[in-house]
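Visitor: Turn this into a model:
(chains A and B)
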Amino acid sequence: MKARVLVALLVMLVAVFASAEKFPSKPITYVICFAPGGESDITARLQQPYLEKILGVPIVITYKEGGGGAVGWTELVTRAKPDGYTIYGTNLPHIILQPLQGGVGYKTEQINNIYFFQSTPCVLAVSVDSPIKTFQDFVEYVKKKGMVTLGGSGQPSANSFATVRLAKLTGLKITYVPFSGSGTAVPALLGGHVDGLMTYTTMAIQYKDKMRVIAVATEERISLFPDVPTFKELGIDLVEKAYRGIAVPPGTPEDVKRVLEAAFKEVNNNPEFVAKMLEMGFVIENYDEAASAKLVSELVPYYKQLWEETQGK
Amino acid sequence: MSSLQYLAYGFAHLFVVKTLLLMLGGVCVGLVIGALPGLSATMGVALFLPITYWLSASDSLVFLGSLYMAAIYGGSFSAILLRTPGTPSNIGTTFDGYPMAKQGRGWEAILIATYSSLYGGLFGMIMFLIFAPMLARIALKFGPPEYFWLGIFGLTVISSLSRGNTLKGFIGGLIGVLLSTIGVAPVGGNVRFTFNIPHLIGGVGLIPALVGLFCIPEVIEMILNKSKQQLYQEAKVQKGLAWKTFVNVMRKQIDLLRASIIGFIIGVLPGAGGNIANLVAYSEAVRTSKHPEKFGTGVAEGVIATEASNNAVVGGGFVPLMTLGVPGTPVDAILYGALLMQGLRPGAELFTRRADVVYTFVAGVILATFVMVPVGLAFGRGMAKVITKIPLSLLAPTVIFLTMVGSYCVSNSISDVYTMLILGLLGFVLRKLGFEAGPITLGLILGPIIESGLVQGLLIGRKLPQPWLIFITRPICWVFIVLSVFFLLWPVILKKRIVVSGGDQK
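Guide: Now for the predicted structure:
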């Protein structure tokens, strides 16, 4: 009898140790800091089945929207448990721009990014019914009309900075009209309330029968729009995109971070997943923890400068 | 194939055991989620989205669509029985539904809500089938200036919404608008009125506010009154009430139709949904009624207006979603995501290329609207019995517990529970002072619409000699300006009419 109890205790002890050693052993909560249905949510939903297969535990997607993501990210750095069982979607340049603007409860450097897995480059688009066919037409149109309005998602955001930078580099008079999301700006374009959109590749793909992309803000042309020139080709030094990834609360153990990093990397190498993402207009990125940190540290001074330039405008 | 043939095909496609079971499941889940205070249709659809990945595109949409339709209807149960709108689309149902419940007519109110929901739901879906492509183009005419005026018009609805003191109603509305400015600005992203409290960055959530402002004051009242008998009179069991109510409701064709049209049109407009529609429909019912003073005391027309309109929003919201790929309501935004996940791109070509999916979906939601009647009645009857029978000492803590769970679920955060409780206490005090919860929540809903419309409109208007000219140079704006002025002056007109008719009686 005594022996049996002892054995049972031993088994339990081993089980406890085994579970303590092995991460993960219970469901992981994947927090999206935006409303359901957006780019971050769609990516997470696509990753979910693959992550579950790789990690062997359920992935529970929840939403913590508010303040353009700031509510979730504040919680990430202040209250979330650093055990790897709660991970948060993060977005660049949001996590740089919000602290710059101030009033939010987190700092850029507090966010421990583990992996940036996709990005959406900015594109300049007009309605298919628009007389504007090329970027040259666009320039002439602005000159003729005196000024032009471009809608986009949020402010400050990749869209708003791309617009402000475009205006500055070309000397054209462009007014940026911020909407609450990339999707809500679309009806404003289709209804003719704005002249064009500074939006993301994903939107241009989703509405490809209604929008005409006239320039893309990437280094090189993108396969989705092989006939559309980059701003660089047009002589405008404008490269702007939004990155999306995941972060863990500060103080999460190294080994746990490695497991998560490897899992997201593996998902990104799955051809089925990649095909689905590309089809929707996402660009696959592979920035692991170290590379993510480097990316953020490079982007911080860039956005700081842009921020200062655009203040008081 | 014509759309009618497609619809027949869609119905034929439905009669597969798996699809029917999914529809029934969607209806049951929707009813429960709708009836629980704090759990809205939006949350229900988001919550159950992941389990639809393993289903085919049409099965997944039938399930989610059924859930959506039933949740909007289920929200009327808690509105009627607990004075807590189950979803933001049921706010107005508390106005007359709850007084009915207090008079022992809770079951009758549920019956009215059921038949009105059926009517509105079917109306919306049928209008969607007939007018979708045409209306989508009109919806696009709504730009920021139009939304600004729509919001202002919405606020003037308060004049017929608030009973007794119209001025207090408007002050309540402005309290709501002020609450809506807390947090990150919808345009520009500046952080305002947060007093460095991180909880407030996201602003005051609509659902915690609804639960707090409507439910908590009522529970406090219950406890202060101590005996529940004063609250719910013994329900009189009447034989044949179900059929009698059905006949009564169907006789009010004009009321049903008016509410359904309002719901459908507001549903078509992207960004405006059932939360606005039910209040506009209610105020229209009051305004056109021969006995407006009786509203708020438990009249059937009040429940008919809100419940027919909010279910008609469902079909209206599908118009821009399916034809333009622009979600009409927050729930539609999630359905949009669901379509994308299934590899379908919402938009005009969805109708032509994947007509099978679209029409199976439409047929499924229509059938679900019928199915929700018996299921809902069984469920509603049980809920009515439980709530009127259990002692106050059990009911009050259970309701408080549910409000906390519901608020927490909005974004899994305790800060929403605090928001709910604080607004609950505030709501109790305000109510004692004569400020009703209805106008406050209306202000909270419309504040961001007005603000975004104003700022975006002024930015777009920079092309004009004066930016503000944009607000008075567009035809749809004028329609809303005229309507707003008319509604604003309504109490004055009403007074004159009462004086005149009073003179007649003498």
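Visitor: Surely residue A:177 forms part of a helix?
Guide: No - Residue A:177 sits outside any helix when classified using DSSP: H, G, I helix; E, B strand; the rest coil, being strand.
Visitor: partners of it in the sheet?
Guide: residue A:151 (DSSP bridges).
Visitor: So it sits against residue A:149, correct?
Guide: Yes - taking Cβ atoms under 8 Å as the definition, residue A:177 is a contact partner of residue A:149 at 5.4 Å. Every C-beta, even on glycine, is put in place using the N, C-alpha and C of the backbone.
Visitor: which one of those two has more residues nearby?
Guide: Neighbour tally, residue A:177 and residue A:149, criterion other Cβ atoms under 10 Å in any protein chain shown: the higher count belongs to residue A:177, 28 against 22.
Visitor: Please name the residues that touch the more buried one.
Guide: Residue A:177 makes contacts with A:149, A:150, A:151, A:152, A:185, A:188, A:194, B:144, B:456, B:459, B:460, as judged by Cβ atoms under 8 Å, 6 or more residues apart in numbering or on different chains.
Visitor: Report whether whichever helix or strand residue A:297 is part of contacts chain B.
Guide: Taking DSSP states H and E as the definition, one finds residue A:297 inside helix A:289-310. No - counting by Cβ under 8 Å from any Cβ of the partner chain, chain B is not contacted by helix A:289-310; separation bottoms out at 12.1 Å.
Visitor: what is in contact with residue A:177 and residue A:149 at once?
Guide: What both residue A:177 and residue A:149 touch, as defined by Cβ under 8 Å, 6+ apart, is the set A:194, B:459, B:460.
Visitor: Which elements pack onto the strand or helix carrying the second one?
Guide: Right, residue B:459. Here residue B:459 is covered by helix B:437-460, with elements defined by DSSP H and E. Secondary-structure packing of helix B:437-460 (3 or more Cβ pairs under 8 Å, 6 or more residues apart in numbering or on different chains; DSSP states H and E): strand A:174-179, helix B:144-156, helix B:158-161, helix B:166-180, helix B:206-210, helix B:274-288, helix B:414-432.
Visitor: List the neighbouring strands of the lengthiest strand in chain A plus their orientation.
Guide: When chain A is parsed with DSSP state E, its longest strand is strand A:112-127. With DSSP bridges as the test, strand A:112-127 is paired with strand A:196-200 (antiparallel), strand A:211-216 (antiparallel), strand A:241-248 (antiparallel), strand A:283-287 (antiparallel).
Visitor: a markdown table please, covering these and showing mean pLDDT.
Guide: Shown next, in a markdown table, are the strands paired with strand A:112-127 (pLDDT from 0 to 100):
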| stretch | mean pLDDT |
| --- | --- |
| strand A:196-200 | 96 |
| strand A:211-216 | 95 |
| strand A:241-248 | 96 |
| strand A:283-287 | 94 |
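Visitor: Deepest in the core, which of the ones you listed is it.
Guide: Among the strands paired with strand A:112-127, strand A:196-200 has the highest mean neighbour count (mean count of other Cβ atoms under 10 Å in any protein chain shown), at a mean of 29.
Visitor: how many neighbours does the closest residue to chain A within chain B have?
Guide: Closest approach between chain B and chain A, counting by Cβ to the nearest Cβ: residue B:202, at 2.3 Å. For residue B:202, the neighbour count with other Cβ under 10 Å is 27.
Visitor: Who are the contact partners of it?
Guide: So residue B:202 contacts A:65, A:66, A:67, A:70, A:71, B:183, B:184, B:411 (Cβ under 8 Å, 6+ apart).
Visitor: Just the pLDDT at the residue nearest to it when sequence neighbours are not counted, thanks.
Guide: Distances taken as Cβ to Cβ, 6 or more residues apart in numbering or on different chains put residue A:66 closest to residue B:202, at 2.3 Å, once the chain neighbours are dropped. Per-residue confidence at residue A:66 stands at 80 (pLDDT).
Visitor: which residues touch residue A:66?
Guide: A:72, B:183, B:184, B:201, B:202, B:203, B:205, B:411.
Visitor: quick one: pLDDT of the residue nearest to residue A:190 when sequence neighbours are not counted?
Guide: Closest residue to residue A:190 apart from its sequence neighbours, by Cβ to Cβ, 6+ apart: residue B:140 at 5.2 Å. Note on residue B:140: pLDDT of 85.
Visitor: Residue A:8 now?
Guide: 63.
Visitor: ok, and the closest non-adjacent residue to the spatially most central residue of chain B?
Guide: In chain B, the residue lying closest to the centroid (Cα atoms, centre = their mean) is residue B:89, at 1.4 Å. Spatial nearest neighbour of residue B:89, excluding adjacent residues (Cβ to Cβ, 6+ apart): residue B:274 at 3.0 Å.
Visitor: The one you found: what's it in contact with?
Guide: B:72, B:87, B:88, B:89, B:263, B:266, B:267, B:309, B:310, B:313, B:329.
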